[in-house]
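Novice: following is a predicted model, sequence given first.
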Amino acid sequence: MRSTNLLAAWLFAAILPIGSFAQTTLHGMTSSGGDYGVGTIYTMTEAGVFTKKIDLFRYEGSNPKGDILRGNSGKYYGTTEFGGANGVGTLWQFDPVTGIHTVLYDFSTASGARPVRGVIQALNGRLTGVCSEGGANNLGCVFDYNIGTGVFTKRADFSGVSNGSFPRCRLVQVSSTRVFGVTQTGGTNGRGVLFEFNPVNGAITPRHHFAIATGSNPYSGVVLASNARLYGTTVSGGTNNVGTIYEFNTTTNLHTKLVDLAAATGSSPIGELMQAASGTIYGTTSSGGTNAVGVLFSFTIAGSVYTPLHHFDNTGGYSSFGRIIAGTDGFLYGTTNQGGPGGDGVIYRYNTATSTYSALFDLATAGIRSPWGGLLEDGNDPERTMQLGWTRSERCVVPLYRCNQLVERCIAFQL
């Protein structure tokens, strides 16, 4: 593995008052824009105060599209879809104590390529994820990484008809021997598979073969709800062929289609679902709704009630691809990839108590645009605020470090 030293630093206190660190801050990245046209890192307080922190340069690893994981040790982990030594992605670590970013592993066609949605830290402590391509059949694989020993292992290969192909999901673990995910294609119907992976013996077991009638081609993974069942969405299929919401019972291994999505009320969801403390599930669709550019919706498990809460539009932002998060202030937060006054996306908030949608910040006003993925809320330590996120356009994660110092680490590289 390789590490990179910090190259530039300047005082952060001059930008934001120290007292503001006691509150939780939202952190994110854009895929393009900024001084160099290739992305930025920004923060925004839950009061709506936006600050552009850094303009990105070329970096080791590029085109990340997944979530950042805060590991058990407090370090941050993630993947990039492209870049690295072999041009097909990297697995990285950032240490907030030392300020060092480390490329832990360079993916390859043989070991697995183009990881999309990031990693989880399994109950055995290992980082675990899927590659959307590569492996023995070039159809993707499951991998894990032992943080303590630095050993990367390809655990299982996808093979197409039998267990699916081209997974783009983030995994979900429900027990020491059961991890679940989905593939976008493959299976007996060619429409994707909901699979179970055993991290002990490395076996992949198909649990449901998606089909047009009940929902097909899931893009994102599943969420483990408080009732111990999994909930997810499909991009297509169902009665109207624009996607479904489904439930999977991990005890009986039974898949149930709960909602047929419709163009009028939201279609083709891409971002993962999220369950709030109230038990209500929230998500977004990439198209459909009154303005045909997606909706923000709620889903109540009891009765399978689907409700569009906000119809995205050009003025307030549209094309919301990332997971919504529930802030500690009780509001929902997310990003759009496009729209807003400048057309380059917004950061938004939704108040579930008043049913009010607010575009908090128009990214174009800061010369940045097109965030991919959701936001990270991490304000547990008032003496140190970490801003970590994703970018695309040949950029990787760049960390911001310590409350009194803003640090940029940039290394030029070639894909």
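Specialist: Noted; the coordinates are in hand. Since this is a predicted model, take the numbers as computed values, not measurements. Residues are numbered from 1 along each chain as shown.
Novice: ok, and for stretch 145-162, which residues are buried?
Specialist: Using 16 or more other CB atoms under 10 Å as the burial criterion, the residues of stretch 145-162 that qualify are Tyr145, Ile147, Phe152, Lys154, Arg155, Ala156, Asp157, Phe158, Ser159, Gly160. Backbone N, C-alpha and C define where each C-beta goes, glycine included.
Novice: can you name the two of the residues you listed that sit furthest apart?
Specialist: Pairwise distances across these peak at 31.7 Å for Ile147 and Gly160 (criterion: CB to CB).
Novice: and the helices in the stretch 101-250 of the chain, which stretches?
Specialist: For the stretch 101-250 of the chain, no helices turn up when DSSP state H, counting those that start in this stretch is the criterion.
Novice: low pLDDT regions in the chain?
Specialist: 1-24, 27-43, 46, 52-60, 96-97, 99-100, 379-415 (pLDDT under 70).
Novice: next, format the buried residues of stretch 145-162 as JSON lines and append distance to Tyr282.
Specialist: Below are those laid out as JSON lines (distance: CB to CB, whole Å):
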{"residue": "Tyr145", "distance to Tyr282": "31"}
{"residue": "Ile147", "distance to Tyr282": "32"}
{"residue": "Phe152", "distance to Tyr282": "35"}
{"residue": "Lys154", "distance to Tyr282": "35"}
{"residue": "Arg155", "distance to Tyr282": "32"}
{"residue": "Ala156", "distance to Tyr282": "32"}
{"residue": "Asp157", "distance to Tyr282": "34"}
{"residue": "Phe158", "distance to Tyr282": "30"}
{"residue": "Ser159", "distance to Tyr282": "35"}
{"residue": "Gly160", "distance to Tyr282": "34"}
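Novice: from those, which is closest to Leu258?
Specialist: Checking the buried residues of stretch 145-162 against Leu258 by CB to CB gives Phe158 as the nearest, at 26.5 Å.
Novice: so the closest one versus Glu272, what's the distance?
Specialist: Noted for Phe158: a distance of 20 Å to Glu272, by CB to CB, to the nearest Å.
Novice: likewise for Glu133?
Specialist: Glu133 is 21 Å from Glu272, by CB to CB.
Novice: show me the beta-bridge partners of Asn249.
Specialist: Leu254 (DSSP bridges).
Novice: can you count the residues close to it?
Specialist: 14 (other CB atoms under 10 Å).
Novice: just give me the closest of the buried residues of stretch 145-162 to Gly181.
Specialist: Nearest to Gly181 among these, with distances taken as CB to CB, is Phe158, at 10.3 Å.
Novice: wait, isn't the closest one in contact with Thr183?
Specialist: Yes - counting by CB atoms under 8 Å, Phe158 does reach Thr183; the two are 6.3 Å apart.
Novice: okay, and the common contacts of those two?
Specialist: Gly140, Gly164, Ser165, Phe166, Pro167 (CB atoms under 8 Å, 6 or more residues apart in numbering).
Novice: the second one against Val193, yeah?
Specialist: Yes - checked against CB under 8 Å, the pair Gly164 and Val193 is within contact range at 3.2 Å.
Novice: Gly317 versus the closest residue in space to Ile324 that isn't next to it in sequence, what's the distance?
Specialist: In this structure, Ile324 finds its nearest non-sequential neighbour in Gly334, 4.6 Å apart by CB to CB, 6 or more residues apart in numbering. According to CB to CB, Gly334 stands 9 Å off from Gly317.
Novice: I appreciate the help and will end here.
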